[in-house]
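Trainee: got a predicted structure here, sequence first:
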Amino acid sequence: MTMRSCRIEGLLRRALEYRSALIRGHIAAVLATFLTVMIPLFIPILVDELLLKKSDTMTHWVATHIHPMSLEGYVFFFLGVVIVLRGLGFLLNVYQVKTFLGISKDLAYRLRRSAIGHLEHVSLKEYETSSSGAIASRLVTDIATVDTFIGTTVSKFVISVLTLVLTAVVLLIIDWKLALFILVTNPVVVFFTAKLARNVGRLKREENRAVEAFQSALTETLELFHQIRAANKEEYFFSRIIREALGLRDRSVEYGYKSDRAMRLSFLIFLSGYELFRSVSILAVAYGGLSVGLMLAVFGYLWIMMTPTQDVINFQYALASARAACKRINTIFEMEREPEVADPVDPFSGKTTVAIRTENLGFSYRKGRKILKNITMEIPAGTKVAIVGPSGSGKTTLANLIVGFYPVEEGRILYDEVPHDRIALPTIREHVHVILQHPKLFNDTMRFNLTLGRDVPEEKIAEAIRIAQLEDLIETLEAGLDTMVGRDGVRLSGGQRQRVAIARMILLDPEVVIFDESTSALDVHTEAKLFEALQAYLAPKTVITIAHRLSTIEKAEYVFVLEDGHLADQGRPEELMAKEEGYFARMI
């Protein structure tokens, strides 16, 4: 079942879905705790019966039912029993920890899968304003914090509570007055440590923010390293990473030593209580009739209580850290998703191409600043049109709306007279493909970058390579199509990356193709050869070309001119070029 948020309480409820594993784990925990709590009871046997000779209950039972023994025999016999009990307790504890870890790892996987599944459907506008380093930190570091809390801390907490409960029962049997004094005083420790844990949670959030800032700076610098080196700004950007690393160090030191100080202070309070309880136990021997052996057993139980009490204390700090991590993970689930369409229609089904029409189209990235204003245009099916205009006029934004990258805010886009709000955005993107000016490539093989991991016949790949004018390039690669192209295709030139993107489009075979300055890095001769090879392939398709070159625009059947976000002019290329005013006149 998909998770919609990260809440510790919700995750613990989901853990109940693993009922059989939980039952086995808890049975192991109860048995391990029972065996551990029984061990101090052997102290009165060794002291009161063997050394002080005050009773012989247990030694008599051993002599009767097993075999009479000497003093040394009884000592080593009970030593063997204790070692066996500790060994069994160890095995049971390992089993229950393994069980809890299995549950926590699966919950962490489901949480991570749900977050990634949400990211898959997040709107592009959200991605453009989010840091990839921050998202990665939440998916890795913060989910790991939650995982550790559920798998390790909670399992320790269960064992600790069971140990404290069973220890309390045994102490009440040994001496109820002394036990009540210990049990009433002990919660004071937990009360004070709960107050200390709140500040630790705040410090953990600050440390997480520092981790996010460092990862964002590092990721951005590595992704843009080519441009940074071209601008000779390595020192500035790597100094920024070092500053973020310094901030991370300071936050980590502050969180580390203050959380450690708080835990040590909590433990100091507990140890003070331990010394108090030990002193009261000695008085119970002197004035209350408690035997020396039972007093030593009480000391043993006080020592047993130290680790569980510390685990209960640490649980509060771990809970504070896990809540802080969940809060950051929830920023992913709060990212706006693309709108979903009920009963969607597919206007592309069974067609070679479609007509596109926009009506009063408007769009803004931020409120109050419109990028597109009342754009109305009609592109008949199979028509080759160009969209031109100065930089910042809204050409790429219009292409992004037509291809379904952004949801339409005002007006309508119709595909063969079917409005956009009746078509699922993934369906639009499947059939309308945009080739960007600066295409991104994966740090993988040339084959993967062409096919995007799909199983494509070799003859189709060869045809796409031929049309995209990539044959000469492939021949020069040492491993051909299996050559790694490097991070973001760094081993290829800008024009080669653009032609790879065009070959990728050919293999996807969309009904509508948008060229967004897709050949700007090619020389005029190579561009002419490319479009000549593309002519037959593009003939039946609707093609939109965003360009500045006159040679490219002249090939269009119709041209739309955008200026300052509105449609300033339109017409056939020769008509617009004949005008004495307007964008074309300034361009020529």
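Mentor: That came through, no problem. Numbers count the residues shown, from 1 in each chain.
Trainee: low pLDDT regions in the stretch 101-250 of the chain?
Mentor: 186-205, 223-232 (pLDDT under 70).
Trainee: could I get the full set of helices for the stretch 101-250 of the chain?
Mentor: For the stretch 101-250 of the chain, the helices defined by DSSP state H, counting those that start in this stretch cover 124-128, 132-137, 143-148, 154-174, 176-223, 225-230, 234-287.
Trainee: quick one: the second one to chain centroid distance?
Mentor: This means helix 132-137. 7 Å (C-alpha atoms, centre = their mean, to the nearest Å).
Trainee: what packs against the host helix or strand of Asn314?
Mentor: Following DSSP states H and E, the helix or strand that holds Asn314 is helix 292-333. The contact analysis (3 or more C-beta pairs under 8 Å, 6 or more residues apart in numbering; DSSP states H and E) places helix 292-333 against helix 8-15, helix 19-38, helix 42-44, helix 71-120, helix 143-148, helix 154-174, helix 176-223, helix 234-287. (C-beta placed from N, C-alpha, C; glycine too.)
Trainee: redo those helices as JSON lines? Include distance to Gln469 and mean neighbour count.
Mentor: As requested, the helices and strands packed on helix 292-333 are arranged in JSON lines below (distance: least, C-beta to C-beta, whole Å; neighbours: other C-beta atoms under 10 Å):
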{"stretch": "helix 8-15", "distance to Gln469": "54", "mean neighbour count": "15"}
{"stretch": "helix 19-38", "distance to Gln469": "59", "mean neighbour count": "18"}
{"stretch": "helix 42-44", "distance to Gln469": "86", "mean neighbour count": "21"}
{"stretch": "helix 71-120", "distance to Gln469": "34", "mean neighbour count": "16"}
{"stretch": "helix 143-148", "distance to Gln469": "45", "mean neighbour count": "20"}
{"stretch": "helix 154-174", "distance to Gln469": "60", "mean neighbour count": "19"}
{"stretch": "helix 176-223", "distance to Gln469": "28", "mean neighbour count": "17"}
{"stretch": "helix 234-287", "distance to Gln469": "35", "mean neighbour count": "15"}
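Trainee: ok, the following helix or strand past the helix holding Asn314: who's next to it in the sheet?
Mentor: The helix or strand immediately downstream of helix 292-333 is strand 356-366, counting by DSSP H and E. Strand 356-366 has the following strand partners under DSSP bridges: strand 369-379 (antiparallel), strand 410-415 (antiparallel).
Trainee: now tell me what touches strand 356-366 from outside.
Mentor: Contacts of strand 356-366 from elsewhere in the structure, counted by C-beta atoms under 8 Å, 6 or more residues apart in numbering, are 125, 370-379, 394, 397-398, 401-402, 406, 408-415, 417, 512, 542, 544.
Trainee: pLDDT of the strand or helix carrying His525, averaged?
Mentor: Following DSSP H and E, the helix or strand that holds His525 is helix 524-538. In this model, helix 524-538 carries a mean pLDDT of 88.
Trainee: residues contacting the nearest residue to Ala533 once chain neighbours are set aside?
Mentor: Using C-beta to C-beta, 6 or more residues apart in numbering and skipping residues adjacent in sequence, the residue nearest Ala533 is Ile467, 4.7 Å away. Ile467 makes contact with 502-503, 506, 533-534, 537, according to C-beta under 8 Å, 6+ apart.
Trainee: end to end on stretch 385-402, go ahead and measure it.
Mentor: End-to-end distance for stretch 385-402, by C-alpha to C-alpha, to the nearest Å: 14 Å.
Trainee: any idea how far the spatially most central residue of the chain lies from Ala245?
Mentor: The residue lying closest to the centre of the chain (C-alpha atoms, centre = their mean) is Leu139, at 1.5 Å. When distance is defined by C-beta to C-beta, to the nearest Å, Leu139 is 21 Å away from Ala245.
Trainee: picking that back up, need the buried ones from the contacts of Ile467 selected in ChimeraX.
Mentor: The ChimeraX command for the buried members of those (criterion: 16 or more other C-beta atoms under 10 Å) is given here:
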select :502,503,506,534,537
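Trainee: can you redo the contacts of Ile467 as JSON lines with distance to Gly102?
Mentor: What follows is the contacts of Ile467, written out as JSON lines (distance: C-beta to C-beta, whole Å):
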{"residue": "Ile502", "distance to Gly102": "49"}
{"residue": "Ala503", "distance to Gly102": "46"}
{"residue": "Ile506", "distance to Gly102": "47"}
{"residue": "Ala533", "distance to Gly102": "57"}
{"residue": "Leu534", "distance to Gly102": "55"}
{"residue": "Tyr537", "distance to Gly102": "53"}
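Trainee: nearest to Val559, out of the contacts of Ile467: which one, please.
Mentor: Using C-beta to C-beta, Leu534 comes nearest to Val559 of the contacts of Ile467, at 19.0 Å.
Trainee: look up how far Leu139 lies from the closest one.
Mentor: Separation of Leu534 from Leu139 (C-beta to C-beta): 40 Å.
Trainee: over to Tyr301?
Mentor: Distance, Tyr301 to Leu139, by C-beta to C-beta: 44 Å.
Trainee: contacts for stretch 233-251 next, please.
Mentor: Here stretch 233-251 has contacts from 203, 206-207, 209-211, 213-214, 217-218, 221, 228, using C-beta under 8 Å, 6+ apart.
Trainee: need those in TSV with distance to Lys529, can you?
Mentor: TSV is the format used below for those (distance: C-beta to C-beta, whole Å):
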residue	distance to Lys529
Leu203	63
Glu206	58
Glu207	57
Arg209	53
Ala210	53
Val211	50
Ala213	48
Phe214	47
Ala217	43
Leu218	42
Thr221	38
Ile228	34
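Trainee: send the alpha carbons of stretch 62-75 over as CSV?
Mentor: Extracted C-alpha coordinates of stretch 62-75, given in CSV (Å, rounded to 0.1, in the frame of the first residue of the first chain):
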residue,chain,number,x,y,z
VAL,A,62,20.5,-30.3,42.8
ALA,A,63,21.9,-33.0,45.0
THR,A,64,18.5,-34.8,45.0
HIS,A,65,17.6,-34.6,41.4
ILE,A,66,21.0,-34.4,39.6
HIS,A,67,24.0,-35.4,41.7
PRO,A,68,25.6,-34.4,45.1
MET,A,69,28.6,-32.1,44.5
SER,A,70,31.5,-30.5,46.4
LEU,A,71,31.6,-26.7,46.9
GLU,A,72,33.7,-26.4,43.7
GLY,A,73,31.3,-28.6,41.8
TYR,A,74,28.3,-26.4,42.8
VAL,A,75,30.2,-23.3,41.8
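Trainee: returning to what we had before: could I get the strands paired with strand 356-366 as CSV with mean neighbour count?
Mentor: Formatted as CSV, those follow (neighbours: other C-beta atoms under 10 Å):
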stretch, mean neighbour count
strand 369-379, 18
strand 410-415, 19
